[in-house]
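Peer 1: take a look and give me a structure for this.
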Amino acid sequence: MSTECVAIIGAIATVFAGLGGAALGAHFAYKNGIKLVKETHKNAIELIQRQEHNKAASDFKNAFLPEIIFMKHNANIGNIGSTDDLSEVLRFGYLHRHLKAFEVFKDYLSTENKAGIDKAWMQYCYNQENPEILFFEQYFTGMCSKKEKEEKKQLALDRINTILEFANHK
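Peer 2: Here you go, the predicted model:
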């Protein structure tokens, strides 16, 4: 074979090798690109879900803020009704904010956490002997001594805090 033929065959082989390498490189780049896009998409969805959960958790906690301030600081910052009786303050909050926030927030919880918050919610709001009856009377402070009022405030605060423990940010 002449040197010209060897050169032509070498050139052809180089072209095919280059095309093969380019095709192989393109294949790997495509596969890695798809994998990267899927991973980025998954991370974006997780971030959005985490942000939605955190917003719902903040909204849920904020729904209880007027009552917490009332119990901790004996201050009426508005939106708790016009009484100083703790049972009425809590009932007002339940009717105007707590129940709605509770139902919205539960959608962001796992099945296990839903069961836990339901139990805490029942203990806070309902009669233990008849769980179908709202029972804010357990927090009645109208004719109580100062010590009894403080004990009932602490009981309500403890129960609310138990509920709000489920609203931690992710």
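
Peer 1: pull the distance from the one helix or strand Lys61 maps to to the chain's centre.
Peer 2: When elements are assigned from DSSP states H and E, Lys61 belongs to helix 3-63. A distance of 32 Å separates the centroid of the chain from that of helix 3-63, by CA atoms, centre = their mean, to the nearest Å.

Peer 1: so where's this protein uncertain?
Peer 2: Under the criterion pLDDT under 70, the flagged ranges of the chain are 1, 6, 10.

Peer 1: now do the contacts for Asn76.
Peer 2: 70, 84 (CB atoms under 8 Å, 6 or more residues apart in numbering). Where you see a C-beta, it was placed from the backbone N, CA and C, and this is true even at glycine.

Peer 1: rerun that using 10 Å as the cut-off
Peer 2: By CB atoms under 10 Å, 6 or more residues apart in numbering, the contact set of Asn76 is 66, 69-70, 82-84, 89.

Peer 1: ok, now how distant is it from Thr141?
Peer 2: Counting by CB to CB, to the nearest Å, the gap between Asn76 and Thr141 amounts to 14 Å.

Peer 1: mutual contacts of these two, please.
Peer 2: Joint contacts of Asn76 and Thr141 (CB under 10 Å, 6+ apart) are 83-84, 89.

Peer 1: buried residues in stretch 113-124?
Peer 2: Within stretch 113-124, the residues that count as buried by 16 or more other CB atoms under 10 Å are 116-117, 120-121, 124.

Peer 1: oh, I was asking about stretch 93-107
Peer 2: Residues of stretch 93-107 classed as buried: 93-94, 97-98, 101-102, 105-106 (neighbour count, 16+ other CB under 10 Å).

Peer 1: so which residue is smack in the middle of the protein?
Peer 2: Compute the mean C-alpha point of the chain, and by CA atoms, centre = their mean the closest residue is His53, 2.7 Å away.

Peer 1: can you classify the nearest residue to that one once chain neighbours are set aside as helix, strand or coil?
Peer 2: Nearest residue to His53, sequence neighbours excluded (CB to CB, 6 or more residues apart in numbering): Tyr108, at 4.6 Å. Applying DSSP: H, G, I helix; E, B strand; the rest coil to Tyr108 yields a three-state assignment of coil.

Peer 1: against Ile12, how distant is Tyr108?
Peer 2: 64 Å.
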